[in-house]
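> Generate a structure from the sequence data that follows.
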Amino acid sequence: MIRRLAAVLVTGGALTIAAPSAHADTLNCLAPVTAVQNLNNQAVRYDQAGNTASAAGADAGATYYENQARPACYYNPAVPYSAYQDAISAFTYVDAAHAANNAGNAAAALSDGQTAASYLSAAVALLNRAP
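Prediction:
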């Protein structure tokens with residue numbers, strides 16, 4: 001193997017060693033956070049219409065993806081810590097919106113969902129810019 005490498009280098013060949021892309025690691029975090037964002041946005045629309053049952057269902061789906069996002073983002077050195085912080089803050093509000101929807105309180109759920117949307121937008125923007 002070393003002789004072949006030396007032969008390639010001596011004959012002017014180029015050797016490229018490709019390391020895994022840091023952005024590919026970031027995508028492991030981005031995918032579930034984006035899923036939470038999409039489901040949270042859906043829940044907000046349901047809350048605006050006063051449909052707490054459907055909003056609670058969307059929030060439950062968001063919770064599923066939260067559980068995937070937490071380890072995918074936290075244990076990932078390619079993920080900016082500020083993106084992780086924004087995502088975790090958003091998850092807190094998504095969970096609060098879910099509880100409010102389960103209680104039939106669309107106004108509180110809407111407020112929490114909209115706050116979560118702000119944090120999720122920030123997290124997704126940071127993850128999209130990550131290397």
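> the helices in this protein, which residues?
Assigned by DSSP state H, the helices in the chain fall at 2-10, 22-48, 52-74, 81-102, 106-129.
> Which one of those helices has the poorest average confidence?
Note on these: helix 2-10 shows the lowest mean pLDDT, a mean of 43.
> hang on, Gln48 packs against Gly113?
No. Using Cβ atoms under 8 Å, Gln48 is not in contact with Gly113, being 9.2 Å away. All C-beta atoms are positioned from the backbone trio N, CA, C, and that covers glycine.
> circling back: reformat the helices of the chain as CSV; add mean neighbour count.
Formatted as CSV, the helices of the chain follow (neighbours: other Cβ atoms under 10 Å):
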stretch, mean neighbour count
helix 2-10, 9
helix 22-48, 20
helix 52-74, 20
helix 81-102, 20
helix 106-129, 20
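> From Ala69, how far off is the residue nearest the centre of the chain?
With distances taken as Cα atoms, centre = their mean, Val33 lies nearest the centre of the chain, 1.7 Å away. Val33 is 5 Å from Ala69, where distance means Cβ to Cβ, to the nearest Å.
> Repeat that for Leu27.
The gap separating Leu27 from Ala69 is 12 Å, by Cβ to Cβ.
> and if you look at Phe91?
Taking Cβ to Cβ, one finds Phe91 at 8 Å from Ala69.
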